[in-house]
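1. Got a sequence here, can you build the structure:
(chains A and B)
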Amino acid sequence: MRAALVGLLAGLALVVAVPASSAAAPTTCPKAWAAGWQALANKIKAPVYCPTWMPNPLDAKIGGDYQDIYSVSKKDRSYLVSFLEHGDEGSGDVHVNFRGYPGRAAIPKCKTVILSGKKTIRGVTPCFADAAGTKSARGITATVYRVNQDADQWHILLAWHHGGSLYTVSEHVITPYTYAQVVKNLDRLLAGLVVVRPEG
Amino acid sequence: MRVTRRRFLGSAAAAALSGAGIYELVDQLASSPARPAAVRRPLPREQHVFDLRTVSSEGIEVLVPPLHSEVVTATIREDDLHAAQHDLEQALQRLDAEYDATPAGLGVTVAWGLPYFSERVAAQARKHLPVDARARKSVLLPSRRFPSDPSSTVLEQNDVAVLLRSDRREHIDDARKAIFDDPGLFDVTSIRRGFAGGGFEGGKSLPQKLAVAAGVPGADLIPDGAELFLGFTSTQKAGLGPRLIANHETLGFVDLRGGYFRGGTHMHLSHINEDLEAWYLNFDFDERVLTAFQPGLTNVRQGAQTVPQGPHQVASAAETARKFKQTGRFGHSASIQATSRLQQAVTGPDGTVYPKGTAIPQRADFNTLDNPFAFSSNHAVDKLSSDPSAGVHFVVFNPSGDDFERNRLAMDGVLPDGTKLEVGARSRAQGFNSVLTTTHRQNFLVPPRAHRSFPLAEL
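-> Numbering: from 1, shown residues only, chains lettered A, B, ... in the order given. Model prediction:
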């Protein structure tokens, strides 16, 4: 029932809260979310990008109700922070991932596994592929990738460079958001990103 | 007719209210392709022959399909087959007189299902139906499911199917009325509508525009200019059987017995759902190429849509098996080519030489937004929905049902020498199958034009 309600609310919100291109995006990480993003920047000792807007019904509070994955690599300090509302009974998901690869500009490689009869085919492929143009906002020029792996599979992903590091944000194409709505959501996410630098 | 964006969006919204209405957009979104001036020629003996002009796409010769296609299936209402034969032939001859048998006019192909032959003209069919000499079976086989088909695939039992093709929607409407409404011979069981092409002159293609207008998932991901939803050109000339190759008699696969069906062919009809989002969001371009064609195809330009499939690009069964051993996967075209292309040159009965590597099947498939049909007399069995869905009405002519089955089995990794490439039924390693779902199937026999109306009923 809750899932159905959330789905309904998400649908309603899409009607009433279509991204307003004329509204000026905030220039600082929202107060309620800032502590988590600051802690992340401090932990990886590199800047991170905090969103100032999230697709309904998500927020971007690390440690909040919608946080799903929070992973920081001990090896290279790369991070994956994801936010998820998982609906059941067909109401769909809303899933947004943020990644950063401090000191690394190249697109990482992902392992692939395809089950083929009794065989398992293992391979390696770019984690982000099928580039489809660029998007620009707030001094960021991001490449749009349509075919992505692992936690970004079935997502549309924006990737850009800052200070020699690679950053991404992606959203799952799944009900209640269509491909076109996901593209709009990502446009608004990109336009609202603010840099949070490590302290100390 | 050209349309403004405002008009396009307005039409799309209006059309979205009606499943059938979406196809009215075809005439607004695409100009009729340029066709050579009609020169009245005698109708060919074959009903399935429909000559198309060619254009160059990315340097490769491709056939320009008719904008509109429709298949109407039915059961027979009339018990007096002699009278029915007369009435149907009258209707068909009126259409022959009215329209050129070209895409600018109208193509009509009347095909008959096994229920007709086994229940209405059983004695004559036992004597006259051609036999596949390789399989030692009738050319018309009962419909079956293939390894990658779900158990839900409906095996249909229609008496008749009529394929209508034209650049003009109104010509098809006229033909449907003339054949099915006026004589009162049939109970229509389904109407299947669709479209193809429209992108060879650049810009957005018809399937892309229609899919976007209908709002089907993944529509925005279809590349500009794509002839079909899945993004690759399907009608390149070298990939389709030449004019008479699919006739029962041309390649010597079939024993015509008394010869009643000389000039006839076999037609398979199926409906296939296509998961466009899965195709475009999970397979990058390189993987789409190796899935649609074959692993190891590395010289294809990024974004290419027309990939050469001439006799020199044909993969043998041994090559497909070898690449499967190396990579664990096989491509759609390569696996089928082991059976769909001539393994050696053949000279037809009229002296035409068909070189090694020539394609045998003549496809007449078209994209659709039917879910699964535009009309069904049995909503529950057909799971009819008014929500548009991306798919294809697959229509193909082969010399026999066994020849079709060889191709379809090869698509699932069962090669003609009996080698089975061991993959899961809907594995990503297996060509297109992981993004396709077949909902309906049936086999038909297409008689020559002289016997197109209730074949064998006069005997």
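2. How about the contacts made by A:Thr175?
-> If you count contacts by CB atoms under 8 Å, 6 or more residues apart in numbering or on different chains, A:Thr175 has them with A:Gly7, A:Gly90, A:Ser91, A:Gly92, A:Asp93. For glycine as for every other residue, the C-beta is placed from the backbone atoms N, C-alpha and C.
3. now, which of those sits nearest chain B?
-> Relative to chain B, the closest of the contacts of A:Thr175 is A:Gly92; by CB to the nearest CB it sits at 11.7 Å.
4. Which residue is the nearest non-sequential neighbour of the closest one?
-> Ranked by CB to CB, 6 or more residues apart in numbering or on different chains and with sequence neighbours excluded, the top spatial neighbour of A:Gly92 is A:Thr175, at 3.3 Å.
5. gap between the one you found and B:Val435?
-> 18 Å (CB to CB, to the nearest Å).
6. Just the pLDDT at the closest residue to chain A within the stretch 351-459 of chain B, thanks.
-> Nearest residue of the stretch 351-459 of chain B to chain A, counting by CB to the nearest CB: B:Glu422, 3.3 Å away. The pLDDT attached to B:Glu422 in the predicted structure is 87.
7. Can you report how many residues lie near it?
-> B:Glu422: 14 surrounding residues under other CB atoms under 10 Å in any protein chain shown.
8. what's the answer for B:Ala278, then?
-> Using other CB under 10 Å, B:Ala278 has 16 neighbouring residues.
9. Over to A:Gly64?
-> A:Gly64 has 13 neighbouring residues, counting by other CB under 10 Å.
10. now the one 5 residues further on
-> By the other CB under 10 Å criterion, the neighbourhood of A:Ile69 contains 14 residues.
11. Run through the residues that contact it.
-> If you count contacts by CB under 8 Å, 6+ apart, A:Ile69 has them with A:Leu80, A:Val81, A:Ser82, A:Asn97, A:Ala151.
12. interface residues of the stretch 101-250 of chain B facing chain A?
-> Where proximity means CB under 8 Å from any CB of the partner chain, the interface of the stretch 101-250 of chain B facing chain A comprises B:Gly215, B:Pro217, B:Gly218, B:Ala219, B:Asp220, B:Leu221.
13. which of the contacts of A:Ile69 sit farthest apart?
-> A:Val81 and A:Ala151 (10.3 Å; CB to CB).
14. For the two, list the residues in contact with both.
-> A:Ile69, A:Asn97.
15. what kind of secondary structure is A:Val81 in?
-> When states are read from DSSP: H, G, I helix; E, B strand; the rest coil, the local structure at A:Val81 comes out as strand.
16. Please pull out the lowest mean pLDDT helix or strand from the chain.
-> Looking at chain A here, since you left the chain open. helix A:2-16 (a mean of 35; mean pLDDT, DSSP states H and E).
17. For the closest residue to A:Gly90 other than its chain neighbours, give its distance to B:Pro217.
-> Setting aside the residues directly before and after it, A:Gly90 is nearest to A:Thr175 in space (CB to CB, 6+ apart), at 7.2 Å. Summarising the geometry, the distance separating A:Thr175 from B:Pro217, computed by CB to CB, is 9 Å.
18. What of B:Thr102?
-> Using CB to CB, one obtains 36 Å as the distance from B:Thr102 to B:Pro217.
19. Compare the two (neighbour count), which wins?
-> Set side by side, B:Thr102 and B:Pro217 show unequal neighbour counts under other CB under 10 Å, the larger going to B:Thr102 at 22 against 19.
20. in what helix or strand does that one lie?
-> Assigned by DSSP states H and E, B:Thr102 belongs to neither a helix nor a strand.
21. Give me the neighbour count for the closest residue to B:Leu436 other than its chain neighbours.
-> Counting by CB to CB, 6+ apart, the nearest residue to B:Leu436 once its immediate chain neighbours are dropped is B:Ile272, at 5.1 Å. A count of neighbours around B:Ile272, defined by other CB under 10 Å, yields 22.
22. Are we agreed that B:Ile272 is in a strand?
-> Yes - checked against three-state DSSP, B:Ile272 lies within a strand.
23. so who does it touch?
-> With contacts defined as CB under 8 Å, 6+ apart, B:Ile272 is in contact with B:Gly391, B:Val392, B:Phe394, B:Leu436, B:Thr437, B:Thr438, B:Thr439.
24. So which residues of chain A form strands?
-> A:48-50, A:67-72, A:79-86, A:93-101, A:109-116, A:119-126, A:128-137, A:140-148, A:155-162, A:165-172, A:194-196 (DSSP state E).
25. for these, which one sits closest to B:Ser148?
-> For the strands of chain A, proximity to B:Ser148 was assessed by CB to CB; strand A:109-116 is nearest, at 13.4 Å.
26. Give the partner strands of that closest one in its sheet and their orientations.
-> Counting by DSSP bridges, the strands paired with strand A:109-116 are strand A:119-126 (antiparallel).
27. Strand A:140-148 and the partner strand, what's the angle between them?
-> Counting by axes from the mean of the first three to the mean of the last three CA atoms, to 10 degrees, strand A:119-126 points 170 degrees away from the direction of strand A:140-148.
28. residues of strand A:119-126 that come out buried?
-> With burial defined by 16 or more other CB atoms under 10 Å in any protein chain shown, the residues of strand A:119-126 counted as buried are A:Lys119, A:Ile121, A:Pro126.
29. Relative to chain B, which of those residues is nearest.
-> Proximity of the buried residues of strand A:119-126 to chain B, judged by CB to the nearest CB, is greatest for A:Ile121, which lies at 3.8 Å.
30. Alright, that wraps it up for me.
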